Structures are given as C-alpha cells and as structure tokens.
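Participant: one predicted model, sequence on top.
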Amino acid sequence: MAELKNTFSWSFSAAEDFSECRRRRYWAKYAMWGGWREDAAELQKTAYRLAKMENRFSILGNAVERAVMWALREKQAGRDAGVDDAYEAEARPYLNRCWSESKGELWRQSPKKFCCLKEHYYREFDSASENEAVGMIKSRAKTCVSHFIESVLPRISGIPREREVAVARIEGGDPESFLFEGVKVYAIPDHVYLDGEIMHIHDWKAGREKDSHYDQVALYALWANVRHGRAPESIRTHVEYLGAGRTATVEVTAERIERVKKTVRESVAEMTEYLVAGDRARNEPLPAEDWELTAEGGACRKCNFLELCRPELGSDG
C-alpha cells in the first residue's frame with residue numbers, strides 16, 4: 001500500500017484555527033502526521049492523540065446530528081418518533097460510549113478508535129462539575145431534537161431519499177471535498193437535497209449562534225457551485241439553530257460566492273507563507289517555532305494542544 005501523503009488542504013475549521021493560533025494549526029496538520037504509526041516519535045504520537053480529542057460540546061453536537069438523522073429516517077419510513085425515541089436510539093448510546101471510553105482511557109490503545117474528552121484528559125472535572133456537564137448534555141440534546149422534530153422535520157421529511165445529495169463523512173474515509181484553484185477544500189454540510197431546481201443545504205447547530213456560521217454555509221454554497229455546478233440562485237443555505245428552535249436562511253448570490261472565494265484565496269496565501277519555499281505541492285512546514293503562539297491566554301486553556309505548548313507558556317498555561 002502506498003504511503004499516505006500529507007497534502008496541502010483548506011477547510012473552514014482549519015482557517016479558524018490558523019487565524020486564532022498559528023501553532024495550533026502546526027500541531028493539528030503537521031506535527032501529528034504519522035503519529036498513528038508504532039515507530040512514530042513521541043511528539044508525533046502526542047500531537048496525533050491530541051488532534052483526535054473531543055470535548056463535551058463536540059460530542060453534544062455529534063449526538064444531536066445522529067438523533068435528528070435517525071428521526072428523519074424514521075419519518076421517511078412512515079414511522080413517527082418522539083424526542084425520547086430519538087435520544088434513546090442514537091444520542092444516549094453514543095454519549096455513554098464516549099464517556100465510558102474517555103473515563104476508562106481506552107484511547108491509550110487507539111486514539112482514532114476510542115473517544116478522549118479534553119475535560120477528562122486535562123482533569124478539568126470534579127465530581128460536581130462532571131455531573132453538571134452530563135445533565136447539561138442530556139438536556140440540550142433533548143431540546144435540540146425536540147425543536148428539530150417540531151419545526152425542521154415537517155419541512156424536509158417529504159423529500160424522498162433519492163433526491164438527497166450524498167455527502168462523504170469522516171467515518172467513511174476521506175470526507176467531502178472539492179478542488180478550488182488547485183487546492184483541496186473540505187466542506188461537509190449536514191444535509192443536502194434537491195427540491196425541484198433548488199439545492200437546499202442544511203447545517204445543524206446545537207450551540208449558540210455565531211456570525212462565523214454564515215461564512216461556513218457560504219463555503220457550502222461554493223461547494224455546491226463548484227462540485228455540483230449549481231448557479232448561486234439555485235442554492236439555498238439554512239443554519240438550523242436547534243437549541244433555540246430558529247432557522248436562519250441565508251441568501252446565496254454571485255457576490256456572496258465571490259466573497260467566499262476571496263476568503264479562501266487569502267487564507268490559503270497566508271498558510272502558504274508557513275511552508276518551506278512557499279511550496280504547497282511539497283507541503284513541508286517551517287519549524288514549529290516559526291508558527292506563532294496566540295496572544296490570547298484564554299484560547300490556550302480551551303485548546304487540545306495545551307500540553308505541547310506549556311513549556312513556552314510557563315505560568316500562563
């Protein structure tokens with residue numbers, strides 16, 4: 001089997017990491033590469049393990065996504081399902097498994113196979129705060145599923161599955177992507193379908209509203225434009241704030257497509273400056289010390305890679 005190559009790529013989340021902290025992007029893209037191998041250096045193994053780490057909010061989002069898609073499939077099959085049905089079928093087993101694997105430190109066997117929660121790894125929980133987090137996750141997950149069943153499901157359940165547009169997921173290997181000006185761009189919308197001549201793109205959000213979400217779905221519109229040849233006027237993007245029970249439908253225009261293209265170009269150009277000779281085909285990073293640490297101390301405390309940066313952060317870490 002040919003050896004995997006660490007190719008240059010871009011994604012919305014990678015751009016956010018790079019913008020907030022250059023060093024975080026170095027750990028997540030370059031230092032971790034090859035860390036899954038038995039003969040990898042300890043730094044590689046550590047960076048790889050930390051790159052795979054989840055947190056209580058990320059598993060909440062994953063659990064909600066599983067539960068709402070289960071509810072949708074049930075409805076499409078002619079079966080009505082309630083909040084508790086969806087929670088028990090998908091969200092609860094997933095959350096219990098993640099929590100159990102993390103507390104049992106099964107990730108030491110395989111960071112890719114088993115869940116590791118940042119809160120457990122960095123000992124951020126005491127018994128009271130852990131119980132509070134468990135209750136928060138359960139409550140928010142059920143609220144999100146409830147809002148989905150009440151307000152989103154009636155709008156989308158009538159679309160037959162053959163009108164849905166396939167989106168590659170991480171679990172199946174290489175996730176959904178498209179080529180933009182020679183650069184591989186990852187874009188993984190949650191649910192996409194055709195209704196007449198219109199392509200609808202939905203993104204589920206279990207957390208609070210952020211302005212950046214609109215930039216994220218703009219990237220999905222570019223994906224639809226480049227990958228599927230859709231004209232801007234034939235694309236509709238919907239940010240489904242399931243916690244609040246609110247839908248933000250964002251208009252797609254040619255100008256919006258051009259703005260997101262500009263964003264990708266500028267971000268790619270900035271990232272390229274941190275490669276040896278600015279060579280994206282070679283994709284060899286400059287030394288770690290050339291990837292600046294963020295000046296925002298609060299960002300460090302929330303970062304998976306805090307362990308690797310502590311020697312430089314001193315008391316701030």
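Facilitator: Thanks, I have the structure now.

Participant: what lies in contact with stretch 125-133?
Facilitator: Contact with stretch 125-133 is made by 56, 119, as judged by Cβ atoms under 8 Å, 6 or more residues apart in numbering. (Each C-beta comes from the backbone N, C-alpha and C, glycine too.)

Participant: pLDDT on that stretch, on average?
Facilitator: Mean pLDDT, stretch 125-133: 96.

Participant: ok, the closest residue to Leu106 other than its chain neighbours to Lys210 distance?
Facilitator: Distance criterion Cβ to Cβ, 6 or more residues apart in numbering; nearest residue to Leu106, sequence neighbours excluded, is Phe114 at 3.9 Å. As judged by Cβ to Cβ, to the nearest Å, Phe114 and Lys210 stand 30 Å apart.

Participant: before we move on, what about Thr272?
Facilitator: Where Lys210 is concerned, Thr272 sits at a distance of 27 Å (Cβ to Cβ).

Participant: cool, Glu266 as well?
Facilitator: 20 Å.

Participant: can you get me a residue count around Gly158?
Facilitator: By other Cβ atoms under 10 Å, 11 other residues sit near Gly158.

Participant: ok so the residue nearest to Leu106 is a strand residue?
Facilitator: No. The assignment for Phe114, made by DSSP: H, G, I helix; E, B strand; the rest coil, is coil rather than a strand.

Participant: could you dump the helix or strand of the chain with the lowest mean pLDDT to CSV, C-alpha only?
Facilitator: Here the helix or strand of the chain ranked lowest by mean pLDDT, DSSP states H and E is helix 297-301, holding a mean of 86. Below are the C-alpha coordinates for helix 297-301, written out as CSV (Å, rounded to 0.1, in the frame of the first residue of the first chain):
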residue,chain,number,x,y,z
GLY,A,297,-4.4,33.2,27.0
GLY,A,298,-8.0,32.1,27.2
ALA,A,299,-7.7,30.4,23.9
CYS,A,300,-4.8,28.3,25.2
ARG,A,301,-6.9,27.0,28.1
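
Participant: name the residues of that helix that are buried.
Facilitator: Cys300 (16 or more other Cβ atoms under 10 Å).

Participant: centre of the chain to that helix, how far?
Facilitator: Relative to the chain's own centre, helix 297-301 is displaced by 20 Å; criterion: Cα atoms, centre = their mean, to the nearest Å.

Participant: also stretch 246-259?
Facilitator: Using Cα atoms, centre = their mean, the offset of stretch 246-259 from its chain centre is 20 Å.

Participant: quick one: buried residues of it?
Facilitator: 248, 250, 252, 256-257.

Participant: give me the phi and psi for the residue nearest to Leu106.
Facilitator: Main-chain torsions, Phe114, degrees, to the nearest 10: phi -120, psi 150.

Participant: swap in Met32?
Facilitator: Here is the backbone geometry of Met32 (degrees, to the nearest 10): phi -80, psi -10.

Participant: now do the helix or strand containing Arg97: everything it contacts.
Facilitator: Assigned by DSSP states H and E, Arg97 belongs to helix 92-103. By Cβ under 8 Å, 6+ apart, the surrounding residues in contact with helix 92-103 are 54, 59, 62-63, 66, 107, 114-117, 120-121, 134, 137-138, 141.

Participant: now with 6 Å?
Facilitator: 59, 63, 66, 114-117, 120 (Cβ atoms under 6 Å, 6 or more residues apart in numbering).

Participant: strands of the stretch 151-300 of the chain, start to end?
Facilitator: Counting by DSSP state E, counting those that start in this stretch, the stretch 151-300 of the chain has these strands, from start to end: 177-180, 183-186, 191-195, 198-205, 235-241, 246-251.

Participant: out of these, flag the one nearest Lys302.
Facilitator: strand 198-205 (18.5 Å; Cβ to Cβ).

Participant: what's that closest one packed up against?
Facilitator: strand 191-195, helix 212-227, strand 235-241 (3 or more Cβ pairs under 6 Å, 6 or more residues apart in numbering; DSSP states H and E).

Participant: name the SS class of Ser58, please.
Facilitator: helix.

Participant: distance of it relative to His147?
Facilitator: For Ser58, the distance to His147 - Cβ to Cβ - is 20 Å.

Participant: who has more neighbours out of those two?
Facilitator: More neighbours surround His147 than the other of Ser58 and His147, with 22 against 16 (other Cβ under 10 Å).

Participant: contacting residues for that one?
Facilitator: Counting by Cβ under 6 Å, 6+ apart, the residues that His147 touches are 242, 245.

Participant: how much space between the closest residue in space to Thr249 that isn't next to it in sequence and Arg169?
Facilitator: Nearest non-adjacent residue to Thr249, counting by Cβ to Cβ, 6+ apart: His238, 5.1 Å away. In this view, His238 and Arg169 are 19 Å apart by Cβ to Cβ.

Participant: which one of Phe114 and Lys210 has more residues nearby?
Facilitator: Neighbour count, other Cβ under 10 Å: between Phe114 and Lys210, Phe114 has more, with 18 against 12.

Participant: could I get the contacting residues of the more buried one?
Facilitator: Contacts of Phe114 by Cβ under 6 Å, 6+ apart are 101, 106-107.
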